[in-house]
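K.L.:
sequence and predicted structure below; questions after.
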Amino acid sequence: MSLLLNAIVTGIAIGAVYGLIAMAYSVVFVATRVFNLAQGDLVMVGVLVSFWAIEIRHWPQVVALLVVIGVVCALSLVEERIAVRPFLGRGVDDIGWFISTLAFGLVIATIATNLYGNRPPLPVASPLTKDAIRIGSVTTTPQLLLAFATLVLVTVLLELFYRRTWLGHALRGTAEDREVAALRGISAVRMSRIAFLLGGVIAGLAAFVIAPVVYADVSLGLSYSIKGFVALAVGGFGSTRGALAGALSLGVAEQVFDLYADPHYELLAALLLLLVVLTVRPHGIFGSAKARTV
Amino acid sequence: MSAAVLQVRGLSAGYGRMTVVRDIDLEVAPGEALAVVGRNGVGKTTLLKAIAGVRAGSNSGQVLLDGADVSRAPADTMARRGLALVPEGHRVFGGLTVAENLMLGFFPWRRSRTRSLEESLARVHALFPILADFADRPAAALSGGQQQMVALGQALMASPRVLLVDEPSAGLAQVVIAEIYAALRTLRESGTAVVVVEQNLDIALRQSDRCLLVDNGRVVVAGRSEELLVSGELTETIHGGAR
């Protein structure tokens, strides 16, 4: 029982890491109906910049955080301009963004590999203590708790943003009907740029928070892209609460699978979870999936 | 009559390489209602979209708003400059609540503004009281008539000087049509210029000051609505064209 409880708590904490990546996906998807396949690579760049700022340059954590967010935001905006905007508003049948965002991710990964080299994963110092936290029989680390707290904070702020602000309504409305949004004075181009800026902020924040957990590693982009995608699919595309629920479910499913099956086949846990949830709820736990509209 | 707030000169527009609207001139003054009528597929909707800056092909001609040339302005710029189009088909943001739909119509960074958010909302609720009652409902859950009211209300939140409305009565019950046209009358009385595309000839002539009959992308009859109603010229032309 204690082992199961530990697996669940660890799963929630690991799920928080996936959740932060899923949130970055989600803010872009909510506004543009584009699934940014380079999102995992943007997070990877953020992790590498965290390593460079903290371990190489020895900058204070706050400065490092601002630099990471700045770099990831800038990359995200470049991606929006060259890999996404040309395909927006062309109708549901045009999924050129699928190839272009994938290509953008590959370009980032290639450049990062050339610059960083094929080094083994290297640790990134955390501002928090490394000592484990024990509550009864349950053990976790302060860094994973920070990831969970960050995820909850990001989720609450995004929900308030979407529900309470004009800009939040405008982002949701533009994704639903670009033409009517334009007729109300809303520029779809501006909304797309804002969505990628927000996605960049969250990806940068996620990268900084998870860097001490995942270590600096040029190959983590693809695996976290997949985890973020599964979390979003399980929770429901376009739903902030869904991204949270999907990510935590994924983390728990993986840990329970590791406990009772074989950790070498951990990816199966994600696929099984995806199959089960989508069989019962085809649009995910909280989702109402829609193709990108004209 | 005061000077025209909207002037269209020699406007041609279409989709891709196909020209649908050819060389159309029109103008409308503050507080005036202009009806555009014609059979299906003659270019009425294309005309409104072209005026509002929604382009699907190459347009030519001139659109002047308060004397300023806005021919090349995109739809979002046109909306911010005071021209609102309510497209056909009760198009609202179904995933947003009624209150969120209305709030979205109030572009917060518009430089010249005549009403505050509260004043705009009160005005819309006065025209369509049911929207206040259904404020927290998702717009997708409303009936067609209620969605049309949301669509109109959303456009009015920006206090436009020119309101273009495409087929406001399509598919709606008589009582709802009456409510919508009553709201349009109130708007005209407050100085808003209204251009309405209407399939129902009787409604179009009774609810407008002037009327244009469009056929094959061109204006074939233009005149004062009262006179056209009495003369029956429009009915004859439409039926003659249909034969």
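P.N.:
Yep, that arrived. Residues are numbered from 1 along each chain as shown, chains lettered A, B, ... in the order given.
K.L.:
mind listing the strands for chain B?
P.N.:
With strands called from DSSP state E, chain B shows them at B:6-16, B:18-28, B:33-37, B:56-57, B:60-65, B:68-69, B:83-86, B:162-166, B:193-197, B:210-215, B:218-224.
K.L.:
now render the ones you listed as JSON lines, adding distance to A:L144.
P.N.:
C-beta coordinates here come from the backbone N, C-alpha and C atoms, glycine included. Shown next, in JSON lines, are those (distance: least, CB to CB, whole Å):
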{"stretch": "strand B:6-16", "distance to A:L144": "55"}
{"stretch": "strand B:18-28", "distance to A:L144": "60"}
{"stretch": "strand B:33-37", "distance to A:L144": "64"}
{"stretch": "strand B:56-57", "distance to A:L144": "52"}
{"stretch": "strand B:60-65", "distance to A:L144": "58"}
{"stretch": "strand B:68-69", "distance to A:L144": "59"}
{"stretch": "strand B:83-86", "distance to A:L144": "51"}
{"stretch": "strand B:162-166", "distance to A:L144": "55"}
{"stretch": "strand B:193-197", "distance to A:L144": "60"}
{"stretch": "strand B:210-215", "distance to A:L144": "66"}
{"stretch": "strand B:218-224", "distance to A:L144": "70"}
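K.L.:
out of those, deepest packed?
P.N.:
strand B:83-86 (a mean of 27; mean count of other CB atoms under 10 Å in any protein chain shown).
K.L.:
using CSV, write out the CA atom coordinates for it.
P.N.:
Output of strand B:83-86 as CSV, limited to C-alpha atoms (Å, rounded to 0.1, in the frame of the first residue of the first chain):
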residue,chain,number,x,y,z
LEU,B,83,-18.1,49.7,-39.6
ALA,B,84,-19.7,46.5,-38.3
LEU,B,85,-20.9,43.6,-40.4
VAL,B,86,-23.2,41.0,-39.0
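K.L.:
pLDDT of that strand, averaged?
P.N.:
Strand B:83-86 shows a mean pLDDT of 96.
K.L.:
looking at the chain, which helix is longest?
P.N.:
With no chain named, the answer covers chain A. The longest helix of chain A (DSSP state H) is helix A:2-32.
K.L.:
hmm, I had chain B in mind actually
P.N.:
Per DSSP H, chain B has its longest helix at helix B:174-189.
K.L.:
quick one: buried residues of that helix?
P.N.:
Buried positions in helix B:174-189, judged by neighbour count with 16 or more other CB atoms under 10 Å in any protein chain shown: B:V176, B:I177, B:E179, B:I180, B:Y181, B:A183, B:L184, B:L187, B:R188.
K.L.:
show me the contacts for the third one.
P.N.:
Just to be clear, that refers to B:E179. B:E179 makes contacts with B:F128, B:G145, B:M149, as judged by CB atoms under 8 Å, 6 or more residues apart in numbering or on different chains.
K.L.:
from the residues you listed, which is closest to chain A?
P.N.:
Within the contacts of B:E179, proximity to chain A (CB to the nearest CB) peaks at B:M149, which comes in at 15.1 Å.
K.L.:
now for the closest one: which residues touch it?
P.N.:
B:F128, B:I130, B:L131, B:E179, B:I180, B:A183.
K.L.:
measure the residue lying closest to the first one once chain neighbours are set aside to B:S120 for me?
P.N.:
Meaning B:F128. In space, and not counting its chain neighbours, B:F128 is closest to B:M149: 4.3 Å by CB to CB, 6 or more residues apart in numbering or on different chains. Taking CB to CB, to the nearest Å as the measure, B:M149 falls 15 Å from B:S120.
K.L.:
any idea of the pLDDT on the closest residue to A:Y116 other than its chain neighbours?
P.N.:
In this structure, A:Y116 finds its nearest non-sequential neighbour in A:V218, 5.3 Å apart by CB to CB, 6+ apart. Here, the pLDDT recorded for A:V218 equals 91.
K.L.:
surely A:V218 forms part of a strand?
P.N.:
No. Under DSSP: H, G, I helix; E, B strand; the rest coil, A:V218 sits outside any strand and is assigned coil.
K.L.:
that one reaches A:V45, doesn't it?
P.N.:
No. Counting by CB atoms under 8 Å, A:V218 stays clear of A:V45, with 9.3 Å between them.
K.L.:
more neighbours, these two?
P.N.:
More crowded of A:V218 and A:V45, by other CB atoms under 10 Å in any protein chain shown: A:V45, with 26 against 23.
K.L.:
what's the angle between the strand or helix carrying that one and helix A:2-32?
P.N.:
Element membership of A:V45, judged by DSSP states H and E, is helix A:39-51. Angle, helix A:39-51 to helix A:2-32, by axes from the mean of the first three to the mean of the last three CA atoms, to 10 degrees: 110 degrees.
K.L.:
need the per-residue pLDDT for residue 52.
P.N.:
I went with chain A, as the question did not name one. 95.
K.L.:
oops, wrong one, chain B.
P.N.:
95.
K.L.:
in space, what's closest to it - neighbours in sequence excluded?
P.N.:
B:L85 (3.9 Å).
K.L.:
pretty sure the one you found is touching B:L47, no?
P.N.:
No. Taking contacts as CB under 8 Å, B:L85 lies outside contact range of B:L47: 10.8 Å.
K.L.:
quick one: mean pLDDT over the helix or strand where A:T279 lies.
P.N.:
In this structure, A:T279 sits in helix A:266-280 according to DSSP H and E. Per-residue pLDDT over helix A:266-280 has a mean of 91.
K.L.:
show residues contacting it.
P.N.:
Outside helix A:266-280, the residues that reach it (CB under 8 Å, 6+ apart) are A:226-227, A:230, A:233-234, A:249-250, A:253-254, A:256-258, A:261, A:284-285.
K.L.:
just those now: which is nearest A:V71?
P.N.:
Closest approach to A:V71 among the contacts of helix A:266-280 (CB to CB): A:K227, at 22.1 Å.
K.L.:
and for that closest one, the neighbour number?
P.N.:
Going by other CB under 10 Å, the residues that sit close to A:K227 add up to 25.
K.L.:
shaky segments in the stretch 151-294 of chain A?
P.N.:
A:288-294 (pLDDT under 70).
K.L.:
how about the residues of it near chain B?
P.N.:
A:163, A:166, A:169-170, A:172-173, A:176-177, A:179-188, A:288 (CB under 8 Å from any CB of the partner chain).
K.L.:
at 10 Å what do you get?
P.N.:
The interface of the stretch 151-294 of chain A toward chain B, taken as CB under 10 Å from any CB of the partner chain, is made up of A:162-170, A:172-191, A:238, A:288, A:290.
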